[in-house]
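1. below are the sequence and a predicted model for it; my questions follow.
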Amino acid sequence: MIRIETEPWAAMVAHAQASYPNECCGAMLGTTVSTPDGDTKVVHEAIALQNAFEGAQAARYELRPEDLLASDKAARERHMDLIGIYHSHPDCDAYFSTTDLQNSCPWYSFVVLSIQNGVFHHANSWLPNFDQTEAAKEELTY
Amino acid sequence: MAKVLIPTPLRQFTAKQDSVIAPGATVGEVLASLTTQFPDLRKQLFTDEGKVRSFVNVYLNDEDIRYIGKDAAPTADGDTLSLVPSIAGGAR
């Protein structure tokens, strides 16, 4: 399960809406809380990153590894962890596409925000597997 | 010898350590000694054929090893290795 606090959630939605009709992307920093029902990842901070995809960005995004490295360093400095990646799907639902899956990493939660006509509509979180063949839906609250 | 920074999801394979000091004179040797110390990490980083997984980038300090000699890049005491995923995607 992943829970995104109010401030980072507002920043993610604002980033996704401002990037419309293109896709946006960013990193989520936070901590993991253990409960009797299992671990919950709690996002305390969202870092907007540049969509580095060279081409039409309405349906594609790419993160620069050096930007992720910087995000990981920022997390360590602030006693948090890099726990997830977010991106938007302009005028599409918040599914995990084949492109998402084939370029994913099983280490992180992937939050997808659906932006319809420039306005946030809904979101889902996904956990891709090792072989980049499937992604399980993760319970998401915000 | 180098310090390897362990991403959060992989710390379950390194006895919860967020960094590991691993011996080796090259990046390849450091990664090999890291996965010898923590064998469960091997599957996370390498394919069955022994190649670094497609979604894993390795940085020596702030440099991508692909541009400084790959596995053969020399390491020195005080160097830091980071494991950084390749991530992209899109709605279509």
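-> Noted; the coordinates are in hand. Residues are numbered from 1 along each chain as shown, chains lettered A, B, ... in the order given.

2. what about the strand or helix carrying residue A:113, average pLDDT?
-> Secondary-structure assignment from DSSP states H and E places residue A:113 in strand A:109-116. Averaged across strand A:109-116, the pLDDT comes to 98.

3. just checking, what packs against that strand?
-> Other helices and strands packing on strand A:109-116, by 3 or more C-beta pairs under 8 Å, 6 or more residues apart in numbering or on different chains; DSSP states H and E, are strand A:2-4, helix A:6-19, strand A:81-90, strand A:119-128. In short, each C-beta sits where N, CA and C put it, glycine included.

4. quick one: closest of the ones you listed to chain B.
-> Among the helices and strands packed on strand A:109-116, strand A:81-90 comes nearest to chain B, with 3.8 Å by C-beta to the nearest C-beta.

5. what's downstream of that closest one, the next helix or strand?
-> On the C-terminal side of strand A:81-90, the closest following helix or strand by DSSP H and E is helix A:98-102.

6. tell me which residues of stretch A:121-128 come out buried.
-> Neighbour-count burial for stretch A:121-128, with 16 or more other C-beta atoms under 10 Å in any protein chain shown as criterion, is recorded at A:123, A:124, A:125, A:126, A:127, A:128.

7. excluding sequence neighbours, find me the nearest residue to the first one.
-> Take residue A:123 and drop its neighbours on the chain: the residue closest to it by C-beta to C-beta, 6 or more residues apart in numbering or on different chains is residue A:113, 4.7 Å away.

8. again, but for the second one
-> When the adjacent residues along the chain are set aside, residue A:124 lies closest to residue A:94, with 4.2 Å between them (C-beta to C-beta, 6+ apart).

9. which residues touch the one you found?
-> The contact partners of residue A:94, by C-beta atoms under 8 Å, 6 or more residues apart in numbering or on different chains, come to A:112, A:113, A:114, A:121, A:122, A:123, A:124.

10. in chain B, where is pLDDT below threshold?
-> Regions of chain B meeting the criterion pLDDT under 70 are absent.

11. what parts of it come near chain A?
-> B:5, B:7-10, B:18, B:43-44, B:55-57, B:59, B:62, B:64, B:82, B:84-92 (C-beta under 8 Å from any C-beta of the partner chain).

12. show me those residues that map onto helices.
-> Counting by DSSP state H, the residues of chain B next to chain A place B:43, B:44 in helices.

13. how about the residues of chain A by chain B?
-> When proximity is defined as C-beta under 8 Å from any C-beta, chain A approaches chain B at A:23, A:32, A:53, A:59-63, A:65-66, A:68-69, A:72, A:76, A:81-83, A:85, A:87, A:89-90, A:92, A:97, A:99-101, A:103-108, A:110, A:130, A:132.
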